[in-house]
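**Student:** Attaching a predicted model along with its sequence, questions to come.
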Number of protein chains: 2
Amino acid sequence: MPDHTRPPEKRVTIYDVAVEADVSPSTVSRAFSRPSRVNSETAERIRQVAERLGYRTSPLPRALTTSRTRMIALVIADITNPVYAGIVRGAQETAMHDEYTTVLIDAQESDRVERAAIERTMSTVDGIVLASSRMSDSAIRMFAKQRPVVVLNRAVADVPCVVTDNPRGVRRAAEHLGELGHDHITYVAGPQASWPNGIRWRSLLEAGMELEIKVRQIGPFSPTIEGGERAAEELRARPATAVLAFNDQMAIGLIRGLTRMGVDVPGDVSIVGFDNTLAADIVTPGLTTVAAPFYAEGSAATRHLLTMIEGAPGHTGRPMVLPVRLVVRHSTAARDRKAGRPRPWVRQRPALAASLPPPSEQ
Amino acid sequence: MPDHTRPPEKRVTIYDVAVEADVSPSTVSRAFSRPSRVNSETAERIRQVAERLGYRTSPLPRALTTSRTRMIALVIADITNPVYAGIVRGAQETAMHDEYTTVLIDAQESDRVERAAIERTMSTVDGIVLASSRMSDSAIRMFAKQRPVVVLNRAVADVPCVVTDNPRGVRRAAEHLGELGHDHITYVAGPQASWPNGIRWRSLLEAGMELEIKVRQIGPFSPTIEGGERAAEELRARPATAVLAFNDQMAIGLIRGLTRMGVDVPGDVSIVGFDNTLAADIVTPGLTTVAAPFYAEGSAATRHLLTMIEGAPGHTGRPMVLPVRLVVRHSTAARDRKAGRPRPWVRQRPALAASLPPPSEQ
DNA sequence: GCCACGGCGGCAACGGGTTGCCATGTATTG
DNA sequence: CAATACATGGCAACCCGTTGCCGCCGTGGC
C-alpha cells in the first residue's frame, strides 16, 4: 500500500481536483455536470484524478446555484400503521431510481407536528408527497404554492392527487356480501376527519341503492384494534350479519370482540376489512378485505411529483385513481338463515372465551 | 388584507430582511444564529421584520460554512418489516426534538443498495444510524471514519453500538419453558448472516448449560412466515415440545404449519418468538415472545449519535445494552407428559386443517 | 490570404448565510 | 479626566460548485 494510510483530512473539492489535473475548477465542474461541454480526453483525465482523490460532488453547494437538492419529502400520518410500509418503499424506490433521496416525515397523527416538520424541511426539498395528510385543504394548498406537492389518498382541489378506487372496492365488497345472501350491511366508521372514511361510506350508500342492500353506519371509532373491539360491543345492541369495517385493524378488533362474546365469525357475522395488511392474513379467521396497491400508490405519487419537479405542469384535474381488488379469505360466509338459533359450538364458546388473552399487551 | 395577495416571487433572504430592518446582513444572520451577539432590541426588530416577510433561514447555505446540515440518516434493512416502525419513530422523535431532520434509507435487504444509498447521502448528513446493517464490518468502519455512525442491533468493534439484551431475553425464555417442564428446546434459526441470530443461539447454548436444558438448532430459514412454515415441516421429522424461534414472523409460520399438520400449539408444542411485533398479539394462539424496546432502540441510538455530532467522543467500548422482557401469551404451556398419545381434539384437526387458508395471499 | 465559426477552457460573479476582525460608541475604572 | 473594557454593528472573505461570457486557437470556406 502506498501512503494512503491516513484518510484525507478535509473534503476533496473541485479545486483539489483542478490543481491535480492542471485545469481550472470550472472545467472540473463541467466535466461532471456537462460532459459534452469539455474535451472528452480532458474529461476522462479529470474523472481519473477525481477517482484517485476520492472526490464526490456535493449536492449542497450545487443546490445553492441550481436550487435543486434532488431530495423529496414523504410525509405519512403514522409510521406505526403498516399501511405505510408499502407506500414508503414504493416512493423510495421510485425516487432512488431517478437518483433522488427521500426524507421521511412521520406526522404522528398530528396536524401540528406535520405542519411544523414540513415548514422546517420545505426549503431543503424539491417537492413533497403528502400521504394521508391531516392538514386542512387550505394549508395543503398553501404549501403547494411554494413547492410541487402531490397528495395521496385524499382529493384536494387544485392540487395533484393520487387515490385508490374506493368506490369500486366498496362495491366489490358489497357484491360479495350480496352474493352470500346478506341483504343488510353495517359500516363501522373510522375517524370522521379521514377522507377515505367519508368516501367509503358514501360509496356504500350508493352501492346499497343499486344492489338493493340496506346499509347503516355505526361509529365513528378509532381506526385501531381497540376501536374495533368497542364497535363489537355496540354491535351487540343491534346485531348485524354483515359488516364492512373502515380498515383491517378495526376488522380484526371486531373479530376479536365478537369471538369473545361468543359470536361466530363468519358463521354468525361476516366481516370485510380494508387495506389487506399483513395482519389480515394472520388473524383467525383470515380476513376478507379490499386490497390497496400500496407500493403502486407510493410509486405513482412519487413519479408524478418527479415529473412536476422536472417542469411538467402537474395535472390538477381529476385525481389519478389506482385499482383495488377484493381478497376473499374466511371471515365472510353465506348468511345463516336460522341466525339466532344457537348452534352447538356456540354453547362451547364461553369456556373458550374465558381462556382468551386479556386486553393484550404490546 | 393588505397587498399580500400574491405570494413572494423569490425566496426571502437575509439581504431582504437586512434592507427592511435597516441593518447589515451579518447582523440579521447573527440575530438568528447568535442572538447574544446582538442588541436584544435590534434582534427583536429583525425577528419581526423576518416574520412579516416570511423569512426562514435555509439550512443549505448555512451548511456551506458550518458543514452542519442538521440532518441525520437512518438506514434500515427492510421497511416492510414491522420491527422498524418503532425504531423509526423513536429516531424521528428524538431527532426532531433537537431540530434535526431524518433521512430514511431502506436498504431493501441488499448490501449493495445500502452501500450505494449511503454513499450518495453521506455528504448531506451529519451522522448515520445503521439499524441492522447488512454491510460488512469493514464497510461500516469505513463509513464511521468519515461521519459519526451508531450501529443498532449489532456489535461492531471500534464503532458505537446499541443492542438489546439478547442473552437475557433468551435466558428468560428458557427459564419460562423450563418452569413449564420442558427439558429440551429447539432453536429455529434465522439468517446465518444476521448478528442477532448468532448471539441468540449462543445465548441459548449458555442458558441450556446453566438450566440443564438440552438445546439443538435447526435451520437456517428465511426470517419470514414462509420460513417458519418450512421449519414446521422439518420439525415433523424430529419433533420437539418447545421451540424458540428467531423472530415473531417465523414463530407465526411455525404455529400455522404445525396447526395445519394437526399438531396443537401449545398443547403439543410450546413456541416462543422474538420481537413482540403487533402480529404476535393477533395470531391464534397469542404468541409468547421476547419483547424488544423498539422505540427506545431508535431513540437511544439517535441520542447517542447527536451527542457525537455535537463533539462527544462516542464511546466505542462495550455496546449500550437495552433491556428486554418476556411477554407471556398462549403459545406456551406445561409440557404434556403423555405427549404422543393423541387427545380427542387432535383427531378433529384434519377436518379443520382442510378449511384453513391456502398458502396465503399478500 | 482573410474571415467566420466552432470547440474548448478560463475568469469571475453568483447563491445565501457565517464569521474573523475592526470601528465606533458607551460604560467602567483608576 | 484619561485610559481601558465592553457592547454592538459593519466589512469582507469564505464555503464550493455553477454558469454567462469572453478569448484563444485551429479548421474550413471563399
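**Tutor:** The structure has been received and is ready for your questions. Numbering: from 1, shown residues only, chains lettered A, B, ... in the order given.
**Student:** what sits against the residue in chain A that chain B sits nearest to?
**Tutor:** Closest residue of chain A to chain B, C-beta to the nearest C-beta: residue A:104 (3.7 Å). All C-beta spots, glycine's among them, are computed from the backbone N, C-alpha and C. With contact set as C-beta atoms under 8 Å, 6 or more residues apart in numbering or on different chains, residue A:104 has these partners: A:73, A:74, A:76, A:79, A:88, B:88, B:92, B:102, B:103, B:104.
**Student:** so which of those residues are also by DNA strand C?
**Tutor:** With C-beta under 7 Å from any atom of the strand as the criterion, the contacts of residue A:104 include none near DNA strand C.
**Student:** Now do the helices in the stretch 101-250 of chain A.
**Tutor:** Ranges of helices in the stretch 101-250 of chain A, per DSSP state H, counting those that start in this stretch, are A:111-121, A:137-146, A:166-179, A:195-211, A:225-237, A:248-260.
**Student:** Give me the below-cutoff pLDDT ranges for the stretch 101-250 of chain A.
**Tutor:** Along the stretch 101-250 of chain A, no part satisfies pLDDT under 70.
**Student:** Quick check: residues of it near chain B?
**Tutor:** A:101-106, A:108, A:113, A:117, A:119-121, A:123-124, A:145-146, A:225 (C-beta under 8 Å from any C-beta of the partner chain).
**Student:** wouldn't residue A:35 be in contact with residue A:44 here?
**Tutor:** No. Proximity of residue A:35 to residue A:44 does not meet the contact threshold set by C-beta atoms under 8 Å, at 9.6 Å.
**Student:** still on that earlier bit, which of the residues of the stretch 101-250 of chain A next to chain B count as buried?
**Tutor:** Buried subset of these (neighbour count, 16 or more other C-beta atoms under 10 Å in any protein chain shown): A:101-106, A:108, A:113, A:117, A:120-121, A:123-124, A:225.
**Student:** Okay, now the unreliable bits of the stretch 251-362 of chain A?
**Tutor:** For the stretch 251-362 of chain A (pLDDT under 70), the answer is A:336-362.
**Student:** one more time with 50
**Tutor:** Low-confidence segments of the stretch 251-362 of chain A (pLDDT under 50): A:338-362.
**Student:** Taking it, what residue is nearest to DNA strand C?
**Tutor:** Closest residue of the stretch 251-362 of chain A to DNA strand C, C-beta to the nearest atom of the strand: residue A:309 (17.9 Å).
**Student:** from memory residue A:94 sits against residue A:302, does it?
**Tutor:** Yes. Contact status for residue A:94 versus residue A:302: in contact at 4.2 Å, counting by C-beta under 8 Å.
**Student:** between the two, who's got more neighbours?
**Tutor:** More crowded of residue A:94 and residue A:302, by other C-beta atoms under 10 Å in any protein chain shown: residue A:302, with 29 against 23.
**Student:** Give the helix, strand or coil label for that one.
**Tutor:** Under DSSP: H, G, I helix; E, B strand; the rest coil, residue A:302 falls in the helix class.
**Student:** Provide a list of residues in contact with it.
**Tutor:** A:72, A:74, A:90, A:91, A:94, A:95, A:129, A:150.
**Student:** these two touch, right, the fourth one and residue A:304?
**Tutor:** To tie it back to what came earlier, the one meant is residue A:91. No. If you go by C-beta under 8 Å, residue A:91 and residue A:304 don't touch, sitting 10.9 Å apart.
**Student:** More neighbours: the two, which one.
**Tutor:** Legend: neighbour count by other C-beta under 10 Å for residue A:91 and residue A:304, higher for residue A:91 (31 against 23).
**Student:** ok so the more buried one is a strand residue?
**Tutor:** No. Counting by three-state DSSP, residue A:91 is not found in a strand; it is helix.
**Student:** For it, give me its contacts.
**Tutor:** Here residue A:91 is in contact with A:72, A:74, A:102, A:129, A:298, A:299, A:301, A:302 (C-beta under 8 Å, 6+ apart).
**Student:** Max pairwise distance over the residues you listed: which two?
**Tutor:** Using C-beta to C-beta, the contacts of residue A:91 reach their maximum pairwise distance at A:72 and A:299, which is 12.8 Å.
**Student:** Mind checking which of these two has more residues around it?
**Tutor:** Shown here are residue A:72 and residue A:299; by other C-beta under 10 Å, residue A:72 has more neighbours (26 against 23).
**Student:** Distance from the chain centre to the helix or strand that one falls within, please.
**Tutor:** Assessed by DSSP states H and E, residue A:72 sits inside strand A:71-76. On the basis of C-alpha atoms, centre = their mean, to the nearest Å, strand A:71-76 sits 12 Å off its chain's mean C-alpha point.
**Student:** Stretch A:293-300 now?
**Tutor:** 8 Å.
**Student:** next one: stretch A:32-47
**Tutor:** 42 Å.
**Student:** Distance-wise, check residue A:205 relative to residue A:325.
**Tutor:** Relative to residue A:325, residue A:205 is positioned 22 Å away (C-beta to C-beta, to the nearest Å).
**Student:** How about residue A:128?
**Tutor:** 29 Å.
**Student:** before we move on, what about residue A:182?
**Tutor:** With the distance defined as C-beta to C-beta, residue A:182 ends up 20 Å from residue A:325.
**Student:** Neighbour count: these two, which is higher?
**Tutor:** residue A:182 (22 against 16).
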